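Chemist: Provide a 3D model corresponding to the input given below.
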Amino acid sequence: MQRNNDTHTTDYILSQEMITIEQAKQLVKSNSNSLGPSKIKLKDALGYILANEVLSPINMPPFRQSAMDGYAINLHNNLDYNLIGEVKAGDGHQPILKPGDAVRIFTGAPVPDTANAIMMQEKVTVTDNSISLDSKIPEGHNIRPLGEQVMVGEVALKKGTTITPAGVGYLTSLGITEIEVYKKPSIAIVTTGNELIEAGQPLGYGKIYESNSGMLYNALVSLGYNAISIYKVADNYESTYQLLDEVINQFDMVLITGGISVGDYDFVGKALNELQVETIFYKVKQKPGKPLFFGKKDNTTVFALPGNPAAALTCFYVYVYIALQKMTHQQTDELPRIQAESLTNFEKKGDRPQFLKAIYSNGKTSILEGQNSSMLQTFAIANALVFMSEEQTRINIGDALETILLPV
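Modeler: Here you go, the predicted model:
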């Protein structure tokens, strides 16, 4: 294929008109493909969504179990019992108790079939080989019945359940070591720019340290995504084309930062066009993050984020987050939004809707200084974004703010 290297060519990607935020979000939701199921080890399943219901292979508990330290008894008509033995957790023997007999028992130990109640040790007086209860107790007292949590063959966890640490513990207690979950996407992060160098290197004139890849990598890891690879490419058309061709064919999602604008050395849009990536939208009426591209090719989702760090991260939380949720069958699409009282004044410049870095606490939100799209200092301490609509021009102290809570 003959490639067009004319840096002044504006293809159809870069000539699209801006769309609204709501239109962009709906397009991301409707064009993000959910991934299929896969079997994984239970120990690695934290944060995954069950693709099928899990049936219990055993009764849990698998035997009648003592709920506390005390004495298992075979009930009779008075409060005195003969002490004939002991049962510890893990014991496999079965003492036979006649009416009026008792055995010392401990929490989690199997209750003999011939015992029908347990009295806690604090309410028992022990004398040599006999015990005396403080009061009468009913049949079944302090005994966890066979299969109290779940019976063999019953649904232990439903399809669509998110696996939590407690879920891992619960399924492990049933003897389960492998489950079927919906896959999480493999993700490539591609950064572009001749001016970018890695932190730790001498900072030459005209260079800046590249921060977007580490920022996005950690944003993904904090959400439970770990199949991530990072690539860097210079502002060169051939190199950009070849790298994007490689990662689009290899990964479920590709996040590109920089190079999507209309400058002479912005080659991402041209490469995506030649690679026949379908353009879902390009440019959103918002600040920061106007030059945002979203597209797909076959089963790969492609975002080209703005190069400015704060704009890139804002677009990640507003749009990429939605795609990730849809791809992994999560029940919610977007980050939570609440109404909070403003502790600050703010005046908007321009007519675009705006996402403002902020700190939220106890029903109140403070809009931070330093809202420039290139500045991460403010974002570094923010735990929320305030959405300011197109119609709003000013926020006053005491106003109700639409506050987006960022992941901790």
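Chemist: so where's the protein shaky on pLDDT?
Modeler: Along the chain, segments meeting pLDDT under 70 span 1-15, 197, 261-265.
Chemist: quick one: the helices in it, in order.
Modeler: 21-31, 165-173, 212-222, 237-250, 268-274, 309-315, 321-327 (DSSP state H).
Chemist: of all the ones you listed, which one comes closest to Asn52?
Modeler: helix 165-173 (12.9 Å; CB to CB). In short, each C-beta sits where N, CA and C put it, glycine included.
Chemist: for that closest one, name the packing helices and strands.
Modeler: Applying 3 or more CB pairs under 8 Å, 6 or more residues apart in numbering; DSSP states H and E, we find helix 165-173 packed against strand 155-157.
Chemist: any idea how far Ile143 is from Leu174?
Modeler: Separation of Leu174 from Ile143 (CB to CB, to the nearest Å) stands at 21 Å.
Chemist: again, but for Ala219
Modeler: 50 Å.
Chemist: how far off centre is stretch 155-162?
Modeler: 17 Å (CA atoms, centre = their mean, to the nearest Å).
Chemist: and for it, what's in contact with it?
Modeler: 47-56, 150, 167, 170-171, 174, 176, 329-331 (CB atoms under 8 Å, 6 or more residues apart in numbering).
Chemist: filter these down to the buried ones.
Modeler: 47-51, 54, 56, 150, 167, 170-171, 174, 176, 329-330 (16 or more other CB atoms under 10 Å).
Chemist: for those, which one is nearest Glu369?
Modeler: Among the buried ones among the contacts of stretch 155-162, and counting by CB to CB, the member closest to Glu369 is Gln330, at 33.9 Å.
Chemist: chain neighbours aside, what residue packs nearest to the residue nearest to the spatial centre of the chain?
Modeler: Nearest residue to the geometric centre of the chain (CA atoms, centre = their mean): Leu223, 4.0 Å. Among residues not flanking Leu223 along the chain, Pro407 sits closest, at 6.2 Å (CB to CB, 6 or more residues apart in numbering).
Chemist: for the one you found, what are its contacts?
Modeler: Counting by CB under 8 Å, 6+ apart, the residues that Pro407 touches are 219, 222-223, 335.
Chemist: ranking those residues by neighbours, who comes first?
Modeler: Ranked by neighbour count (other CB atoms under 10 Å), the contacts of Pro407 have Ala219 at the top, with 19 neighbours.
Chemist: can you give me the end-to-end span of stretch 215-228?
Modeler: One end of stretch 215-228 to the other measures 13 Å (CA to CA, to the nearest Å).
Chemist: list the buried residues in it.
Modeler: Buried residues in stretch 215-228 (16+ other CB under 10 Å): 215-217, 219-220, 223, 225, 228.
Chemist: and Glu53, how far from Val103?
Modeler: For Glu53 relative to Val103 (CB to CB), the value is 39 Å.
Chemist: next, give phi and psi for Thr20.
Modeler: phi -80, psi 160 (degrees, to the nearest 10).
Chemist: run a quick neighbour tally on it.
Modeler: 13.
Chemist: residue contacts, it?
Modeler: By CB under 8 Å, 6+ apart, the contact set of Thr20 is 284-285.
Chemist: all strands of the stretch 1-150 of the chain, in order?
Modeler: 37-41, 54-55, 65-66, 70-73, 80-87, 101-105, 117-120, 124-127, 130-133, 143-144 (DSSP state E, counting those that start in this stretch).
Chemist: pull the fourth one out as CSV, backbone CA atoms only.
Modeler: Listed in CSV are the C-alpha atoms of strand 70-73, where the atom choice follows Å, rounded to 0.1, in the frame of the first residue of the first chain:
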residue,chain,number,x,y,z
GLY,A,70,-18.3,-25.5,75.2
TYR,A,71,-19.9,-28.9,75.8
ALA,A,72,-21.9,-31.0,73.4
ILE,A,73,-24.6,-32.9,75.1
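Chemist: other SSEs contacting that strand?
Modeler: On a contact count with 3+ CB pairs under 8 Å, 6+ apart, strand 70-73 meets strand 80-87, strand 101-105, strand 117-120.
Chemist: just how off-centre is it within its chain?
Modeler: 46 Å.
Chemist: and it, which strands flank it?
Modeler: Looking at strand 70-73 with DSSP bridges, its partner strands are strand 101-105 (antiparallel), strand 117-120 (antiparallel).
Chemist: now do that strand: everything it contacts.
Modeler: Strand 70-73 is contacted from outside by 66, 81, 83, 87, 97, 101-105, 111-112, 115-121, 123-124, 131, 133, 142, using CB under 8 Å, 6+ apart.
Chemist: among the residues you listed, name the buried ones.
Modeler: Buried among the contacts of strand 70-73 (16+ other CB under 10 Å): 66, 81, 83, 87, 97, 101-105, 111-112, 115-119, 124, 131, 133, 142.
Chemist: go ahead and confirm Gln16 touches Val284.
Modeler: No. If you go by CB atoms under 8 Å, Gln16 and Val284 don't touch, sitting 10.5 Å apart.
Chemist: okay, those two: which has more neighbours?
Modeler: Val284 (26 against 13).
Chemist: wait, what's in contact with the closest residue to the more buried one other than its chain neighbours?
Modeler: Once flanking residues are discounted, Val284 sits nearest to Ala24: 4.7 Å by CB to CB, 6+ apart. By CB under 8 Å, 6+ apart, the contact list for Ala24 reads 281, 284, 292, 294, 319.
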